[in-house]
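Q: The following comprises the amino acid sequence and a computationally predicted model.
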Amino acid sequence: MAQSLLSVLERLEARQEELRAEMESLRKRNRELEEENADLRRKEAEALEIRDKALLDAEYLSVSYRLAENPDTLVETRRIIAGLIRNIDRCIEMLKE
């Protein structure tokens with residue numbers, strides 16, 4: 001009986017050591033995955049910034065091309081924009097009063 005209790009205790013201790021080693025391995029893997037996740041989130045944020053800048057540049061170029069398609073169009077467009085700005089300024093003044 002005493003021999004069987006000792007063997008059971010030895011098996012339990014061995015299993016406990018295996019579980020400790022596995023838990024340490026899992027903790028290490030978890031830390032690695034958390035670091036990788038943080039790195040991927042940082043890269044995603046950078047990629048989104050680059051994408052947003054590229055979209056803004058594309059929109060700017062598209063509008064610039066439409067405005068400067070020919071010199072007459074450019075002059076007329078500038079006149080229209082100036083008129084719109086004057087109207088907005090008048091509206092702001094009216095709102096202030």
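A: Yep, it's here.
Q: Tell me which stretches of this structure form helices.
A: 2-67, 71-96 (DSSP state H).
Q: Quick check: the gap between the residue minimising distance to the centre of the chain and K53.
A: Nearest to the mean C-alpha position of the chain, by C-alpha atoms, centre = their mean, lies A45 at 2.8 Å. Computed as C-beta to C-beta, to the nearest Å, the A45 to K53 distance reads 13 Å. In short, each C-beta sits where N, CA and C put it, glycine included.
Q: same thing with R20?
A: Separation of R20 from K53 (C-beta to C-beta): 50 Å.
Q: got it, and M94?
A: Taken as C-beta to C-beta, the span from M94 to K53 is 37 Å.
Q: Likewise for L9?
A: 66 Å.
Q: so where is this structure shaky, pLDDT-wise?
A: For the chain, applying pLDDT under 70 flags the ranges 1-2.
Q: again, only using 50
A: For the chain, applying pLDDT under 50 flags no range at all.
Q: Enumerate every residue touching the closest residue in space to T77 that isn't next to it in sequence.
A: Leaving aside its chain neighbours, T77 sits nearest to L67 (4.9 Å; criterion: C-beta to C-beta, 6 or more residues apart in numbering). Contact analysis of L67 by C-beta atoms under 8 Å, 6 or more residues apart in numbering lists T73, L74, T77, R78.
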